[in-house]
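Engineer: Next come a sequence and a model predicted from it.
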Amino acid sequence: MCNRYENHGSVTQLRAIVRAINRTLRTTPATDNLAPLDNVYPDQNAPILRNAANGSLELTMARWGFPPIPGQKAPITNIRHLKSKWWSQVNREWIVAREYRCLVPFTAFAEPVINSKWFLVPGHEVACFAGVWRSWRGERLAEQPGQKRRVREERDWSLYSFLTTEANDVVRPVHEKAMPVILIDPAEQTEWLEGGEASLHLQRPLPNEMLVIRSRPP
């Protein structure tokens with residue numbers, strides 16, 4: 001949990017989130033007018049909010065999933081065990097450094113199964129996962145103009161992933177092992193974006209009362 005989410009957040013809604021943390025928002029040609037995303041799956045593009053050089057946040061498209069661990073094929077979509085050698089030593093920079101921190105906007109999340117239960121944050125049309133991003137050159141599935149089939153191509157990519165943590169009481173009956181780290185408080189969003197070891201304390205489940213199962217399908 002989770003390898004499926006939706007994002008119906010508009011640029012206007014994301015600007016409001018950015019204003020609440022006293023930052024300004026820059027967009028790219030691909031994010032000037034966001035289309036609703038009913039289903040975001042691993043190895044697909046979605047918008048993220050990442051630190052820009054001048055103190056603003058940039059709304060840009062990135063591919064979901066860090067490069068796979070050697071010997072494996074699946075991209076790393078969820079980051080959980082921060083004390084493991086893989087994250088605390090080999091890939092520590094991506095987890096701690098300010099320049100690689102980001103927020104991943106979403107409106108609901110689920111597991112990629114039939115008849116999924118969708119979780120959302122009541123009172124927040126758009127919330128954010130605690131994300132990290134990085135640049136990478138390698139082979140990933142790439143969309144082909146005018147075709148539904150994707151082909152593996154070597155490119156320069158912007159990749160993102162986000163933290164997960166133990167499941168709270170709302171998520172546990174559906175997925176007992178984990179849930180995404182969700183940030184809705186502007187102070188916590190600011191702390192996460194600033195980077196540093198101390199901010200890793202934010203890897204914790206959302207309180208039970210702040211998460212509900214959507215009563216109707218998307």
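Structural biologist: In hand now; what should we look at? Quantities reported herein were computed from a predicted structural model and do not represent experimental measurements. Numbers count the residues shown, from 1 in each chain.
Engineer: check which helix or strand covers the residue in the chain sticking out farthest from the centre.
Structural biologist: Each residue of the chain has a distance to the centre, and by Cα atoms, centre = their mean the biggest one is for Gly146: 27.8 Å. In the assignment (DSSP states H and E), Gly146 maps to no helix and no strand.
Engineer: any idea how far it is from Asn45?
Structural biologist: Taking Cβ to Cβ, to the nearest Å as the measure, Gly146 falls 17 Å from Asn45. For the C-beta atoms, the positions are set from N, CA and C on the backbone; glycine is no exception.
Engineer: mind listing the strands in this protein by residue range?
Structural biologist: Taking DSSP state E, the strands of the chain run over residues 4-7, 25-27, 37-40, 45-51, 57-64, 78-79, 101-106, 108-110, 119-120, 127-142, 151-165, 179-180, 182-183, 212-213.
Engineer: want to try JSON lines for those, with distance to Leu200 and mean neighbour count as columns?
Structural biologist: Putting the strands of the chain into JSON lines (distance: least, Cβ to Cβ, whole Å; neighbours: other Cβ atoms under 10 Å) gives the following:
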{"stretch": "strand 4-7", "distance to Leu200": "22", "mean neighbour count": "21"}
{"stretch": "strand 25-27", "distance to Leu200": "26", "mean neighbour count": "17"}
{"stretch": "strand 37-40", "distance to Leu200": "25", "mean neighbour count": "16"}
{"stretch": "strand 45-51", "distance to Leu200": "17", "mean neighbour count": "22"}
{"stretch": "strand 57-64", "distance to Leu200": "21", "mean neighbour count": "21"}
{"stretch": "strand 78-79", "distance to Leu200": "11", "mean neighbour count": "21"}
{"stretch": "strand 101-106", "distance to Leu200": "11", "mean neighbour count": "26"}
{"stretch": "strand 108-110", "distance to Leu200": "21", "mean neighbour count": "23"}
{"stretch": "strand 119-120", "distance to Leu200": "23", "mean neighbour count": "22"}
{"stretch": "strand 127-142", "distance to Leu200": "9", "mean neighbour count": "19"}
{"stretch": "strand 151-165", "distance to Leu200": "8", "mean neighbour count": "18"}
{"stretch": "strand 179-180", "distance to Leu200": "15", "mean neighbour count": "25"}
{"stretch": "strand 182-183", "distance to Leu200": "13", "mean neighbour count": "26"}
{"stretch": "strand 212-213", "distance to Leu200": "27", "mean neighbour count": "14"}
